[in-house]
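**Student:** take this sequence and fold it.
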Amino acid sequence: MLLFLITCSFSFILFYTPLFACEMRLLSLCFWKSIKNTLFSATLSFFTSRMLPSKKIYAVPKVQRTAFDTNSGDQMSVLDYLPDLVLETILEKLPPKGLCRMACMSKSLRGMCVSDHLWERHVRSKWGRVVGTSAYREWLCSAHSRNQDSIFFDRIGEKGFLGCLIALVRSRFCSVGKDKIFPPVNSVMSWYIALESGKLWFPAQVYNRENGHVGFMLSCYDAVVSYDRRTDTFLARYPAHGTRTSAIESGVTWDRLRAPLVDTSPHDLHISDCLNELRPGDQIEIQWRRNKEFPYGWWYGVVGHLETCDGNANYCRCHHSESLVLEFNQYTRGCRWRTTIVNRRDHREEGNEADGFYGGIRKLCGNEEISMWKQFWPDVVLE
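**Tutor:** Take a look at the predicted model:
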């Protein structure tokens, strides 16, 4: 406040002098700038010396901190004296590696850096499109059934972000208490670390399985996947069926993965709740399997017109019919998989051993879902 009043007074004297004193302005400008800078430095030093703690405070051995403080000999960091709102804003801007480094500075920061709301943002940012509620349930079951240390110590020698993170956890986090479990087993931070480490296999769905094999074009199949940091890709393991063992595919890229959109097993029929609202032109995905022993996959299709309809929107009554025409335009005309008809009033699994079996139907409502399918459209029409 003192500095503000002095500055305003100088500005008034400098800029509101009478016209006859204009010759003195150039001389006064240099003089007042010098005085103002001197006063500013003195005022800043005055307030700084009284507002900031002395260096001796940093070495105080006993300070009341968070619940994680088990060793009272830890020294405080200068960041511990920042207001909570300022410190929280800083932590929200840090990447995962920065949060881990910050957690090593003091025990109070350690408790803040493991907060779920900070790590939830990082999980959503990197993993939100490929992990869902089923993946989180899988993580909780896995976390409570095995030793937390195995996430870190089985990967000693890892380089990059994960190597730095493991080193931090081993050197600092694992020495905070007798139980040596930090971060907490069920924390979001632990979940993020497990995903990054590749130790966690979680359920997801893979577009165009088996490296885009022509028999799986424009399909999306359930699998369990794990992350490979070295290649920034995933390893996918598909469920076994019949006499065939579980198929494994490596090098699955991020754009070929999505979180399961329905909580239905790949061996169960999805209960369709959109059949009465489907109209020609609507885009859908439908369950299909080769035979009864195979798991379902989701296949992209479009609602078509009945043979008796000429496609004129003014006269089309296809949406009133019990028969629902589904078209798979990735296949050439005349192909047995180009078109199928299902009953919209009493829809169950329909098909045969020759053409396969059609199951539940989902309507695609968002542009993001539709664009995901269209990016995998084949370059040539399939036979």
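**Student:** low-confidence ranges in the stretch 1-150 of the chain?
**Tutor:** 1-78, 144-150 (pLDDT under 70).
**Student:** count the neighbours of L109 for me.
**Tutor:** By the criterion of other Cβ atoms under 10 Å, L109 has 21 neighbours. Where you see a C-beta, it was placed from the backbone N, CA and C, and this is true even at glycine.
**Student:** go on, the one 3 residues further on?
**Tutor:** Each residue near M112 was counted by other Cβ under 10 Å, and the total is 20.
**Student:** helix or strand for it, which one?
**Tutor:** According to DSSP states H and E, M112 maps onto helix 107-113.
**Student:** same for that helix, what does it pack against?
**Tutor:** Other helices and strands packing on helix 107-113, by 3 or more Cβ pairs under 8 Å, 6 or more residues apart in numbering; DSSP states H and E, are helix 84-93, helix 96-103.
**Student:** tell me where the stretch 101-250 of the chain has helices.
**Tutor:** 107-113, 116-127, 133-145, 150-153, 160-171, 188-197, 209-212 (DSSP state H, counting those that start in this stretch).
**Student:** the ones you listed: which one's closest to T245?
**Tutor:** Nearest of the helices of the stretch 101-250 of the chain to T245, taken as Cβ to Cβ: helix 209-212 at 13.9 Å.
**Student:** helices or strands up against that closest one?
**Tutor:** By 3+ Cβ pairs under 8 Å, 6+ apart, helix 209-212 packs against strand 219-228, strand 248-252.
**Student:** which one of those strands is the most hemmed in?
**Tutor:** strand 219-228 (a mean of 21; mean count of other Cβ atoms under 10 Å).
**Student:** for that one, give the mean pLDDT please.
**Tutor:** Average pLDDT, strand 219-228: 95.
**Student:** can you redo the helices and strands packed on helix 209-212 as TSV with distance to E307?
**Tutor:** Output for the helices and strands packed on helix 209-212, formatted as TSV (distance: least, Cβ to Cβ, whole Å):
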stretch	distance to E307
strand 219-228	27
strand 248-252	40
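**Student:** how many other residues sit next to S142?
**Tutor:** Counted with other Cβ under 10 Å, S142 comes out at 17.
**Student:** that one and L278, how far apart?
**Tutor:** Going from S142 to L278 by Cβ to Cβ, to the nearest Å gives 39 Å.
**Student:** F376 now?
**Tutor:** For F376 relative to L278 (Cβ to Cβ), the value is 22 Å.
**Student:** do C113 as well
**Tutor:** C113 sits 49 Å away from L278, going by Cβ to Cβ.
**Student:** coming back round to it: including mean neighbour count and distance to P203, could the helices and strands packed on helix 107-113 go into JSON lines?
**Tutor:** JSON lines is the format used below for the helices and strands packed on helix 107-113 (neighbours: other Cβ atoms under 10 Å; distance: least, Cβ to Cβ, whole Å):
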{"stretch": "helix 84-93", "mean neighbour count": "12", "distance to P203": "30"}
{"stretch": "helix 96-103", "mean neighbour count": "19", "distance to P203": "23"}
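**Student:** want to try CSV for those, with distance to R209 as columns?
**Tutor:** Output for those, formatted as CSV (distance: least, Cβ to Cβ, whole Å):
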stretch, distance to R209
helix 84-93, 38
helix 96-103, 30
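**Student:** for the ones you listed, which one sits closest to V262?
**Tutor:** Evaluated over the helices and strands packed on helix 107-113, closeness to V262 peaks at helix 96-103, with 30.6 Å, by Cβ to Cβ.
**Student:** which strands and helices lie in contact with that closest one?
**Tutor:** Against helix 96-103 (3+ Cβ pairs under 8 Å, 6+ apart) you get helix 107-113, helix 116-127, helix 160-171.
**Student:** 6 Å instead, please
**Tutor:** If contacts are counted by 3 or more Cβ pairs under 6 Å, 6 or more residues apart in numbering; DSSP states H and E, helix 96-103 sits against helix 107-113, helix 160-171.
**Student:** quick check: angle from that helix to helix 84-93?
**Tutor:** Interaxial angle of helix 96-103 relative to helix 84-93 (axes from the mean of the first three to the mean of the last three Cα atoms, to 10 degrees): 140 degrees.
**Student:** could you export helix 96-103 as PDB, CA atoms only?
**Tutor:** This file holds the C-alpha atoms of helix 96-103, laid out as PDB (Å, rounded to 0.1, in the frame of the first residue of the first chain):
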ATOM      1  CA  PRO A  96       3.000 -37.600 -13.400                       C
ATOM      2  CA  LYS A  97       6.800 -37.500 -13.300                       C
ATOM      3  CA  GLY A  98       6.600 -34.100 -11.700                       C
ATOM      4  CA  LEU A  99       4.200 -35.200  -9.000                       C
ATOM      5  CA  CYS A 100       6.500 -38.100  -8.100                       C
ATOM      6  CA  ARG A 101       9.500 -35.700  -7.800                       C
ATOM      7  CA  MET A 102       7.400 -33.300  -5.800                       C
ATOM      8  CA  ALA A 103       6.300 -36.100  -3.400                       C
END
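**Student:** that helix vs helix 116-127, what angle?
**Tutor:** Using the same axes, to 10 degrees: helix 96-103 against helix 116-127 is 160 degrees.
**Student:** next, the angle from helix 96-103 to helix 188-197.
**Tutor:** If you take the same axes, to 10 degrees, helix 96-103 sits at 130 degrees to helix 188-197.
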